[in-house]
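> 3D, please:
(one chain, ligands or ions: 1)
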Amino acid sequence: MIPQDLLDILVCPACKKPLVQKENGESLKCGECKRVYPVRDNIPILLIDEATTDPT
Ligand SMILES: [Zn+2]
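Predicted coordinates for the structure are as follows:
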């Protein structure tokens with residue numbers, strides 16, 4: 001899981017909006033553009049090329 005204080009400073013690289021951690025702690029989702037960024041070894045991969053899209 002990503003610590004909340006770290007989450008607070010992370011933003012989506014596409015639209016600079018806050019990210020929310022998914023329940024499994026293995027990805028971060030942008031509420032604005034619906035991109036989902038992977039988290040590997042507790043390190044968020046905030047690269048647009050690595051993101052998937054979750055429209056739900
Ligand atoms: Zn975004």
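
> Would you list the phi and psi of residue 11?
phi -130, psi 160 (degrees, to the nearest 10).

> I figured it hits residue 19, correct?
Yes: look at residue 11 against residue 19 with CB atoms under 8 Å: they come within range, at 6.7 Å. All C-beta atoms are positioned from the backbone trio N, CA, C, and that covers glycine.

> Give me the contact list for the longest strand belonging to the chain.
Taking DSSP state E as the criterion, the chain has its longest strand at strand 35-40. The contact list for strand 35-40 (CB atoms under 8 Å, 6 or more residues apart in numbering) reads 2, 12, 14, 19, 22, 25-30, 44-48, 50-54.

> Can you list the residue ranges for helices in the protein?
Ranges of helices in the chain, per DSSP state H, are 4-7.

> Next up, the contacts around the residue nearest the centre of it.
Using CA atoms, centre = their mean, the residue of the chain that lies closest to the mean C-alpha position is residue 28, 2.5 Å off. Each residue near residue 28 by CB under 8 Å, 6+ apart is listed here: 2, 7, 10, 19-22, 36-37, 39, 44, 46.

> got a pLDDT number for it?
pLDDT recorded at residue 28 is 96.

> now it, nearest residue through space, not along the chain?
Of all residues not flanking residue 28 in the chain, residue 19 sits nearest, at 4.2 Å (CB to CB, 6 or more residues apart in numbering).

> Looks like residue 46 contacts residue 6 (just checking).
No: counting by CB under 8 Å, residue 6 is not a contact partner of residue 46; they are 11.6 Å apart.

> which of these two has more neighbours?
Legend: neighbour count by other CB atoms under 10 Å for residue 46 and residue 6, higher for residue 46 (19 against 10).
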